[in-house]
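Participant: the sequence and its predicted three-dimensional model are supplied below.
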Amino acid sequence: MSAADAEALARVAWSALVEPGDSTAGALVRMLGAERSLRLVTGPGPVQAIRDACAADVHADDSLADGLADALVVALERWRPRFARADPERILDAATAVGATLLLPGDPEWPAGMDDLGEHAPLVLWRRGRPRGDQPPVVSRPCLSVVGARSNTLAGAEACAEITSAAADAGCTTVSGGAYGIDAVAHRVAIAARTPTVAVLAGGVDQLYPAGHVELLGNVGRQGMLLAESPPGTPPTRWRFLARNRLIAALGHTVVVVEAAARSGALNTAHHAAQLGRPVFAVPGAFSSPASVGCHRLVADGVAQLAVYAHDPVRSAVAVHSGVDPDDTPTTLCSATVDPETVRVVDALGRRPITVVEVAERSGLSVAAATDTLALAELQGLVERRVDGWVLGAAGRSGPTGRRA
């Protein structure tokens, strides 16, 4: 067996040994490697063995090694009951049985954002679904994480659909958690738009939860992918949902909270994102709506920016993915003082291409005026010219009238 294979098998074993986000395991693997650290932990005198290994490693940080050895005493009490289940061959067989594949740090399709989690990063990821043919990995696109209340309002569902549709138009991958409410709206809109979507699960990739979303999650896997850090067979639990939220935050180049009550789990995702330096947006709601209290608090506390238009978080995700500071990118959204003829031609367009003559007829402009106005709107990104006619551009779908086609 090669060293790389041994290291991979050790990471698989670690994924069954520890709970998601275990910082002691993460630090140990980062310092000594998965295979070596697993051998020492499961061998005799593990605490002293770890101290000796760190002392012999010229690259080890002495103060970090001392702290790690102290934390190891407590961690071993958590891990020992699971030593027998840390059988990588059995875990890989279970993954194969459900069509899941293993992703490791350094793999071409490993989401780079996961590395920002440091010692809390997943040791492995399990995936169901992948791009077809020559399509690029779904996480190589700009990724927008969309989260919110399970008991959403109609206004929340509409806002989520607007944002996810704008993300699809911009070529973004939509990331969410597969739950009821806002998560489900985000996944369904992405599927309807035929763009990739990722559901991050709190248990194994074979644990399709909630039960009412088995069909939806199956569709997500076919069009995008299901991701989990726990091995197949691991049931979802309350603490795993909370741990899962950090992955949703890390996957997204930007996170948007559509609706959140005062104690919503979506707030946990938003705070993870803020700690990682991801831009966070919150959609405002009615002052009296309990479903919007969390969003308003995020803005009031400076954790999130206010999402004024559906395209705001999308523009941010695209900018971060491109390595550009979102604050430095000029907005193409128009204000209420935009040229009225531009408003009229934009309002005349939809997703189906139409000719200049049809634009003139719908807008009440002459053909010559419609032609000139379309040319101006094209420069602003409000409209796009295609072989068979004109359609709304990415910016036009969120302005200047605030109407989406």
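Facilitator: On my side now, so go ahead.

Participant: which stretches of the stretch 51-200 of the chain have low pLDDT?
Facilitator: For the stretch 51-200 of the chain, the stretches with pLDDT under 70 are 55-67, 69, 130-136.

Participant: what ranges does it have for its strands?
Facilitator: 101-103, 125-128, 143-147, 173-176, 197-200 (DSSP state E, counting those that start in this stretch).

Participant: each with direction, which strands does the longest one pair with?
Facilitator: Spelled out, it's strand 143-147. strand 173-176 (parallel), strand 254-257 (parallel) (DSSP bridges).

Participant: from the chain's centroid, how far away is the last one?
Facilitator: Just to be clear, that refers to strand 254-257. Chain-centre distance of strand 254-257: 9 Å, with C-alpha atoms, centre = their mean, to the nearest Å.

Participant: any idea of the mean pLDDT for it?
Facilitator: The average of the pLDDT scores along strand 254-257 is 98.

Participant: neighbouring contacts of it?
Facilitator: For strand 254-257, contacts defined as C-beta atoms under 8 Å, 6 or more residues apart in numbering pick out 144-148, 163, 248-249, 266-267, 269-270, 273, 278-283, 294-295, 298, 304, 307, 313-314, 316-317, 320, 326. (C-beta placed from N, C-alpha, C; glycine too.)

Participant: what of the first one?
Facilitator: Strand 173-176 has contacts (C-beta under 8 Å, 6+ apart) with 138-139, 141-147, 164, 167-168, 182-183, 186-187, 189-190, 195-200, 224, 248, 251-252.

Participant: quick check: closest non-adjacent residue to residue 76.
Facilitator: The shortest distance from residue 76 to any non-neighbouring residue, by C-beta to C-beta, 6 or more residues apart in numbering, is to residue 46 (6.3 Å).

Participant: number of nearby residues for residue 225?
Facilitator: 26 (other C-beta atoms under 10 Å).

Participant: likewise for the one 3 residues further on?
Facilitator: The tally of other residues near residue 228 (other C-beta under 10 Å) stands at 29.

Participant: next: residue 165.
Facilitator: Neighbour number of residue 165 under other C-beta under 10 Å is 23.

Participant: so it is in contact with residue 314, correct?
Facilitator: No - using C-beta atoms under 8 Å, residue 165 is not in contact with residue 314, being 9.5 Å away.

Participant: specify the local secondary structure of residue 365.
Facilitator: Of the three states, residue 365 takes coil under DSSP: H, G, I helix; E, B strand; the rest coil.

Participant: so it makes contact with residue 342?
Facilitator: No - the criterion here is C-beta under 8 Å, and residue 365 misses it with residue 342 at 10.5 Å.

Participant: and for those two, which residues touch both?
Facilitator: Listed contacts common to residue 365 and residue 342 are residue 373; contacts here mean C-beta under 8 Å, 6+ apart.

Participant: distance of residue 149 from residue 168?
Facilitator: 22 Å (C-beta to C-beta, to the nearest Å).

Participant: the two: which has the busier surroundings?
Facilitator: residue 149 (26 against 22).

Participant: for the residue lying closest to the more buried one once chain neighbours are set aside, pull up the helix or strand it's in.
Facilitator: Among residues not flanking residue 149 along the chain, residue 259 sits closest, at 4.2 Å (C-beta to C-beta, 6+ apart). Using DSSP states H and E, residue 259 sits within no helix or strand.

Participant: inside strands: which ones of the contacts of strand 254-257?
Facilitator: Counting by DSSP state E, the part of these found in strands is 144, 145, 146, 147, 280, 281, 282.

Participant: which of the residues you listed lies closest to residue 33?
Facilitator: residue 145 (30.9 Å; C-beta to C-beta).

Participant: how much space between the closest one and residue 53?
Facilitator: Residue 145 is 38 Å from residue 53, by C-beta to C-beta.

Participant: so which of the two has more stuff around it?
Facilitator: residue 145 (33 against 19).

Participant: ok now do the more buried one, which residues does it touch?
Facilitator: 175, 176, 248, 249, 251, 252, 254, 255, 256, 269, 273.

Participant: near the closest residue to it other than its chain neighbours, how many other residues are there?
Facilitator: Spatial nearest neighbour of residue 145, excluding adjacent residues (C-beta to C-beta, 6+ apart): residue 252 at 3.0 Å. Neighbours of residue 252 under the rule other C-beta under 10 Å: 34.

Participant: tell me if I'm right that residue 252 and residue 143 touch.
Facilitator: Yes - between residue 252 and residue 143 there is a contact at 5.0 Å, judged by C-beta under 8 Å.

Participant: identify the contacts common to those two.
Facilitator: 113, 175, 317.

Participant: relative to residue 39, how far out is the second one?
Facilitator: Applying C-beta to C-beta, one obtains 36 Å for the distance of residue 175 from residue 39.

Participant: what do you get for the last one?
Facilitator: As for residue 317, its distance to residue 39 is 42 Å (criterion: C-beta to C-beta).

Participant: more crowded one of these two?
Facilitator: residue 317 (30 against 16).

Participant: hang on, isn't that one packed against residue 167?
Facilitator: Yes - Residue 317 lies in contact with residue 167 (C-beta under 8 Å); the separation is 7.2 Å.

Participant: so what sits against both of these two?
Facilitator: What both residue 317 and residue 167 touch, as defined by C-beta under 8 Å, 6+ apart, is the set residue 144.

Participant: could you pull out the helices for the stretch 251-400 of the chain?
Facilitator: Using DSSP state H, counting those that start in this stretch, the helices found in the stretch 251-400 of the chain span residues 265-275, 293-300, 311-321, 340-348, 356-363, 367-379.

Participant: redo the ones you listed as CSV? Include mean pLDDT and distance to residue 94.
Facilitator: CSV is the format used below for the helices of the stretch 251-400 of the chain (pLDDT from 0 to 100; distance: least, C-beta to C-beta, whole Å):
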stretch, mean pLDDT, distance to residue 94
helix 265-275, 95, 28
helix 293-300, 96, 37
helix 311-321, 94, 34
helix 340-348, 87, 53
helix 356-363, 92, 57
helix 367-379, 88, 53
